Each structure stands twice: as structure tokens, then as C-alpha cells.
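Trainee: dropping the sequence and predicted coords here.
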Amino acid sequence: MNKKYKYFEFCQVFDYKRGRRLTTQNQISGDIAYISSTALNNGVDNYISPPDYMDVYKNKMTLSNSGSVGYLFYHDYDFVASDHVTVIWLKNRELTKYISIFLKPIFEKIKYRYNFGREISNDRLIKEKIYLPIDKDENPDFAYMEEHIKSLLNKVSFRKVNTQKQRKKLPINISEWKEFSFIDEKLWTRIKHGERLIASDRIKGETPYYSASEYNNSLTDSIENPLFVEKDCIVYSTFGTAFWVSGDFTASDEIYAFHNPNLNKYNALFITTIMKQNQYKFKFGRKAFKNKFQNEIIKLPATKDGDPDWLFMENYIKSLPYSDNI
């Protein structure tokens, strides 16, 4: 059955209230979660004893207005919210964690319109429209949302991962690392810019097609009519994300393919982690095209000759727990 959806104005479905300012120096340790504009730890920035002027909430969602803009989290515990956060709940029914899980990716679709310089103010939030499944009366179908998430959870299976005995993790001393530019010839033998192939011109097939996305390692399609084929390299997107791709693939003009014959899945994982540290500089309005990233600097382990130390990077990743499952 194809579920019908329609757009709702934010205020048709949700009530909301902005959090209150509490500076770090005025926070007193306690048991109440303090939610701020972070994408980490479900938005929890600290545990405090809140002052009387701050409302204590429970069973509500929070949306980050600045900093890590656009991240939505559900809290089934007591919490207070900073002024960089909007507390959100349903108008006409109780919120549940299942409904919140359903709503999270829908809300976070609006992230691309905001950044640190363009916050989600109340005036902007109430103008947002949310695309939701509907019931026979064309109201938001919260029962469907809840049952859909429950059905997905029932399909999740867990398996025990057997890993090798703990290796001794190699020590890292970054003071001995060397700075390389993003396009340094000691790092890359070739950098290939992808080519645009619009969706209507793609024919379904077996060749992975990569484009700018924060999800699924930037894999967005599989086609049989690639304009070119690359193999075994790091893909870097205009969103500043970086991933290792093994085997044949093709890519849009939102992707750059970074080549070096020394690359493998282990040292590539090391390098992509470093490359993504610059991701915060690039947003929808300032994409990471070559003229933007070519002057970026990354620090990496280096040999005495000043070349990237490919072997150290590989052995470091191999020394980590569960590396045999990479």
C-alpha cells in the first residue's frame, strides 16, 4: 500500500517554546539534562540543577536553532533547554519515541537551508512546512508513524561480532606529523572531477553512482550508462564528506576522486577521518569545489623524507579493536 502524504504548516501540528539562556559559569551540577545546540549525545550538553526561571520538560523533542543547526532529538527524561534550542511537542496527542523517530529525518531535511549564520528563528520555523503521512480524514496519521517504526524495529536483528584479540594500539604523536595541502602531489597521483548526469538521463544498472550526500557513503544510484569509470580511491563530496570506495564506480560533478596506488581501505579510513575535519567550512551555500578546497591543509603522519607514511596509517587502523571487521 502506498501511503499518502501531504504538507502541513508547522503550527498546524506542533506547539513549541524557545529555551532560556544559561551561561556556562552559572550552571550548577545536578541531575537534569541541559540540552544545547550540539549534534552529539542526543543534544545533552551537561547535567545541572536548573534555576527557577527555566522550564523543566519531559517527553518532548528539541530542535537546534544554531551551532549544529537543524538536529532534532527526543527526550523521555526531565530536561531544560538553552536559548539555542526550540522545544517541540504535538498539539493534539501525546508524543512517543516511535513518532519522534519517524519525525526526526523529516525535520532534519530542512537543515540545508540553515547554517551558523542563518539560524532557525521562531519566525522562520513557523513558516516551515512538514511533509507527513495522512489518515482517511487527511490529518497526520500518527498511528501509522508509530506502527511503521515498530515494524522496522521488529526487523532489526543483532549478531555477535567475533573480533581478534585486542591488539596494542599504536601510539600517535601529532607533533611529528606534517602538513599537506588537499591537492598535494605527494598525497595524490591524480584527482578526477566527476561529471554531471541528471537523473532523467540515468539508466538503472550495476555501476555505483556517487553524488553529494551525507548518507550511505554518498552512494545515490546504480546505473548502466556511466560517463566514466573510476576504481579504488577516496571520494570527496562538495559537502566536505570523504569516503573510501573499492571497485568500479562513477560519480557526479559534486564528487572528486582522489587516487594514489598506496591507498587501501585501512589508510584510506585514516585519511578520510582527517579530511572530514574541515567539513564544517562547507555548507549548501559554500560547496567544496576545487577552487575552495585546494588551499585547505591537513596534517598526516610522514616519513623522514616528508612523504605520507602510508604504512603507519594502515597499521594504526589495523591496531584498533574490530579492525578485522572492516
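Mentor: Structure received. Numbering: from 1, shown residues only.
Trainee: quick one: low-confidence ranges for the stretch 51-200 of the chain?
Mentor: Along the stretch 51-200 of the chain, segments meeting pLDDT under 70 span 115-117, 158-168.
Trainee: do a quick rundown of the strands in it.
Mentor: For the stretch 51-200 of the chain, the strands defined by DSSP state E, counting those that start in this stretch cover 60-64, 72-75, 79-81, 85-90, 129-133, 178-181, 190-193.
Trainee: how far off centre is the fourth one?
Mentor: Strand 85-90 has its C-alpha centroid displaced from the chain centroid by 21 Å (Cα atoms, centre = their mean, to the nearest Å).
Trainee: pop the domain breakdown of this protein in here.
Mentor: 5-155, 174-325 (automatic domain parsing).
Trainee: export those to TSV and tack on mean neighbour count?
Mentor: Where C-beta positions appear, they are placed from N, C-alpha and C, glycine not excepted. TSV is the format used below for the domains of the chain (neighbours: other Cβ atoms under 10 Å):
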stretch	mean neighbour count
domain 5-155	16
domain 174-325	16
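Trainee: let me see the mean pLDDT of stretch 265-284.
Mentor: The pLDDT scores in stretch 265-284 average 87.
Trainee: and the strands of the stretch 51-200 of the chain as JSON lines, adding distance to Cys233?
Mentor: Converted to JSON lines, the strands of the stretch 51-200 of the chain look like this (distance: least, Cβ to Cβ, whole Å):
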{"stretch": "strand 60-64", "distance to Cys233": "34"}
{"stretch": "strand 72-75", "distance to Cys233": "34"}
{"stretch": "strand 79-81", "distance to Cys233": "43"}
{"stretch": "strand 85-90", "distance to Cys233": "40"}
{"stretch": "strand 129-133", "distance to Cys233": "36"}
{"stretch": "strand 178-181", "distance to Cys233": "17"}
{"stretch": "strand 190-193", "distance to Cys233": "8"}
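Trainee: nearest to Asn278 among those strands would be which one?
Mentor: Nearest to Asn278 among the strands of the stretch 51-200 of the chain is strand 178-181 (11.7 Å), distances taken as Cβ to Cβ.
Trainee: please enumerate residues in contact with that closest one?
Mentor: By Cβ atoms under 8 Å, 6 or more residues apart in numbering, the surrounding residues in contact with strand 178-181 are 186-187, 294-302, 306, 308.
Trainee: pull the distance from it to the chain's centre.
Mentor: Put simply, strand 178-181 sits 26 Å off its chain's centre (Cα atoms, centre = their mean).
Trainee: in its sheet, what does that strand sit against?
Mentor: Strand 178-181 pairs in its sheet with strand 297-300 (antiparallel), by DSSP bridges.
Trainee: next helix or strand past the partner strand?
Mentor: Sequence-wise, the next helix or strand downstream of strand 297-300 (DSSP states H and E) is helix 310-318.
Trainee: extract the C-alpha set from that next one and format it as PDB.
Mentor: Extracted in PDB, the C-alpha atoms of helix 310-318 (Å, rounded to 0.1, in the frame of the first residue of the first chain):
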ATOM      1  CA  TRP A 310      51.000   5.100   4.300                       C
ATOM      2  CA  LEU A 311      52.200   2.100   6.300                       C
ATOM      3  CA  PHE A 312      51.900   3.700   9.700                       C
ATOM      4  CA  MET A 313      48.300   4.900   8.800                       C
ATOM      5  CA  GLU A 314      47.400   1.300   7.700                       C
ATOM      6  CA  ASN A 315      49.000  -0.300  10.800                       C
ATOM      7  CA  TYR A 316      47.300   2.200  13.100                       C
ATOM      8  CA  ILE A 317      43.800   1.300  11.800                       C
ATOM      9  CA  LYS A 318      44.700  -2.400  12.000                       C
END
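Trainee: other SSEs contacting that helix?
Mentor: Under the contact criterion of 3 or more Cβ pairs under 8 Å, 6 or more residues apart in numbering; DSSP states H and E, helix 310-318 touches helix 265-275.
Trainee: which elements pack onto the helix it packs on?
Mentor: Counting contacts by 3+ Cβ pairs under 8 Å, 6+ apart, helix 265-275 packs against strand 230-237, strand 242-251, strand 297-300, helix 310-318.
Trainee: between those, which one is closest to Glu138.
Mentor: Going by Cβ to Cβ, the one of the helices and strands packed on helix 265-275 nearest Glu138 is strand 230-237, 38.0 Å.
Trainee: which residues touch stretch 221-230?
Mentor: The contact list for stretch 221-230 (Cβ under 8 Å, 6+ apart) reads 192, 195, 197, 199, 201-209, 211, 245, 248-251, 257, 259.
Trainee: mind doing that once more with 7 Å?
Mentor: Residues outside stretch 221-230 that contact it (Cβ atoms under 7 Å, 6 or more residues apart in numbering) are 192, 195, 197, 202-209, 248-251, 257.
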